[in-house]
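In: here is a sequence together with a model predicted from it:
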Amino acid sequence: MISNTLIRAKWYVGAELVRLAVIGGYLGAGKTTLIVSLSRKLVSERKLRVAIITNDQGDVLVDSKAVGLAGFPFAEVQNGCFCCRFPDFITKVHELQSVVKPDLILAEPVGSCTDLIATVYNPLAEYYGGEVDLAPYVVLVDAKKVLSLAKVDASKDRQLALMAWQLQEADIICINKVDMIDPSEQPQVLDAVKRFYFEEPECLFISAKTGYNLDKLCDYILNGRYERKTGVDVDYDTYAAAEADLGWFNGSFTLLSDKPVSMKNVLSRLLSWIGKSIVERNGCIAHLKIFFSSEEGAGKASLLDLTQGVVFDFEPPVCSKLDVVINIRAELSPEDLTRIVEEGLRRILSECSLRYENWSAKSFRPRYPRPYYRI
Ligand SMILES: Nc1nc2c(ncn2[C@@H]2O[C@H](COP(=O)(O)OP(=O)(O)OP(=O)(O)O)[C@@H](O)[C@H]2O)c(=O)[nH]1
Ligand SMILES: [Mg+2]
């Protein structure tokens with residue numbers, strides 16, 4: 001039986017048609033949460049076989065750990081987005097086809113990636129039409145975030161320009177985290193989304209967490225068709241500058257204590273301290289996320305903004321040894337991010353009488369995007 005396994009096949013034989021849906025959207029919009037929720041639904045209620053492709057500019061990925069923990073077969077495209085590493089992306093599709101034989105592949109591109117119609121969807125339609133049956137392109141947006149950005153001038157903010165291109169190329173915009181806004185705010189959220197889109201987009205309010213409208217979205221993904229269209233007119237210099245505004249930090253370490261401690265307390269303090277330090281240095285958090293695991297259990301935590309605080313998808317255990325993977329995407333230099341994480345570990349662990357080992361870390365800025373195809 002294949003489950004929660006990183007799939008690597010040695011070769012690929014034959015070309016069977018597999019349905020593929022890409023779930024895009026800005027950093028922290030809820031893509032991984034949605035992919036896991038949809039996969040659970042599709043497997044349990046519709047008896048389908050589902051596989052997942054994760055993606056990142058680096059390696060050591062929180063998202064891969066999260067989908068593996070949820071029990072779904074997955075493959076990773078590392079060290080670059082689907083568009084720049086298109087041959088790697090198609091290899092992973094083949095590997096999943098050959099080992100898992102899924103009915104559906106759900107793929108999550110990097111949250112800072114755009115122009116996917118021209119660089120992923122159209123090349124798939126053009127060169128792999130006999131192998132890949134494309135679902136419409138789904139893009140997520142965070143309902144609360146879009147509302148908070150309603151008055152910001154998108155032409156003066158590169159991250160917003162990037163988010164606008166992501167929304168403009170969607171076949172359907174899923175306005176996620178609807179559970180976090182008041183129902184009376186929905187018309188304002190729609191207006192805010194339209195401001196980015198310029199025309200009347202197809203929108204669906206959803207909650208990846210509560211399951212709201214996910215049946216509708218499953219039907220759309222399974223039955224809708226990608227109608228070939230022209231990509232959005234993305235200005236690559238602005239796109240590259242927007243990505244390069246972001247520092248990327250991927251690391252891992254093991255927390256150790258002489259006696260069992262509340263790891264929820266330790267992780268909350270550590271992530272809050274790191275988040276606060278980013279903001280104090282005039283940085284901006286896009287998504288700070290961790291995956292933690294021990295013999296007592298495993299889960300994920302996120303920090304998107306300081307007012308919302310650290311959100312745990314699973315209560316960290318009381319234990320004396322915890323493995324942690326940490327991924328930070330923030331508008332701050334990679335060097336500063338590394339310094340902040342190291343300093344945070346020193347301070348918070350000494351306050352909590354813990355130590356850490358197995359430290360490994362990489363930080364960088366994403367490179368100029370150079371897609372393999374653009375059609
Ligand atoms: N309240 C609420 N929170 C959600 C919902 N969907 C996602 N989240 C939370 O949003 C945070 C980010 O979710 P992810 O699924 O990691 O977001 P992502 O888009 O995959 O993030 P990146 O891969 O870093 O771009 C987590 O704390 C999730 O629990 C939702 O529908 N409602
Ligand atoms: Mg994700």
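Out: Right, received. Where do you want to start? Ligands and ions are numbered 1, 2, ... in the order given.

In: now the one helix or strand in the chain whose mean pLDDT sits lowest: buried residues?
Out: One helix or strand of the chain scores below all others by mean pLDDT, DSSP states H and E: helix 186-197, with a mean of 89. Neighbour counts over helix 186-197 (16 or more other CB atoms under 10 Å) mark Gln186, Val189, Leu190, Ala192, Val193, Arg195, Phe196, Tyr197 as buried. C-beta coordinates here come from the backbone N, C-alpha and C atoms, glycine included.

In: next: stretch 257-268.
Out: Result for stretch 257-268 [16+ other CB under 10 Å]: buried residues Ser257, Val261, Met263, Lys264, Val266, Leu267, Ser268.

In: again, but for stretch 175-188
Out: So stretch 175-188, judged by 16+ other CB under 10 Å, has buried residues Ile175, Asn176, Lys177, Val178, Ile181, Gln186.

In: the fifth one contacts Asp142, correct?
Out: No - here Ile181 does not reach Asp142: they are 9.9 Å apart, not a contact under CB atoms under 8 Å.

In: show me where this protein has its strands.
Out: Shown for the chain, the strands assigned by DSSP state E span residues 18-25, 50-55, 74-77, 104-107, 132-134, 138-142, 172-176, 203-205, 247-262, 284-294, 297-303, 310-312, 318-331, 355-364.

In: could I get these in TSV, plus columns for distance to Val43 and mean pLDDT?
Out: TSV is the format used below for those (distance: least, CB to CB, whole Å; pLDDT from 0 to 100):
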stretch	distance to Val43	mean pLDDT
strand 18-25	14	98
strand 50-55	6	98
strand 74-77	13	97
strand 104-107	10	98
strand 132-134	19	97
strand 138-142	18	98
strand 172-176	20	97
strand 203-205	22	97
strand 247-262	29	97
strand 284-294	22	98
strand 297-303	20	97
strand 310-312	24	98
strand 318-331	25	98
strand 355-364	33	97
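
In: now these as JSON lines including distance to Phe89?
Out: As requested, the strands of the chain are exported to JSON lines (distance: least, CB to CB, whole Å):
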{"stretch": "strand 18-25", "distance to Phe89": "10"}
{"stretch": "strand 50-55", "distance to Phe89": "7"}
{"stretch": "strand 74-77", "distance to Phe89": "5"}
{"stretch": "strand 104-107", "distance to Phe89": "8"}
{"stretch": "strand 132-134", "distance to Phe89": "11"}
{"stretch": "strand 138-142", "distance to Phe89": "17"}
{"stretch": "strand 172-176", "distance to Phe89": "22"}
{"stretch": "strand 203-205", "distance to Phe89": "26"}
{"stretch": "strand 247-262", "distance to Phe89": "19"}
{"stretch": "strand 284-294", "distance to Phe89": "22"}
{"stretch": "strand 297-303", "distance to Phe89": "24"}
{"stretch": "strand 310-312", "distance to Phe89": "30"}
{"stretch": "strand 318-331", "distance to Phe89": "20"}
{"stretch": "strand 355-364", "distance to Phe89": "21"}
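
In: who in the stretch 51-200 of the chain is up against ligand 2?
Out: By CB under 5 Å from the ion, the residues of the stretch 51-200 of the chain that approach ligand 2 are Asp63.

In: show the contacting residues for whatever residue of the stretch 101-250 of the chain ends up closest to ligand 1.
Out: Nearest to ligand 1, among the residues of the stretch 101-250 of the chain, is Gly111, at 2.9 Å (CB to the nearest ligand atom). Contacts for Gly111 were tallied using CB atoms under 8 Å, 6 or more residues apart in numbering; they are Gly25, Tyr26, Leu27, Gly28, Ala29, Lys31, Ala286, His287, Arg329.

In: also near ligand 2: which of the residues you listed, exactly?
Out: Counting by CB under 5 Å from the ion, Lys31 from the contacts of Gly111 sit close to ligand 2.
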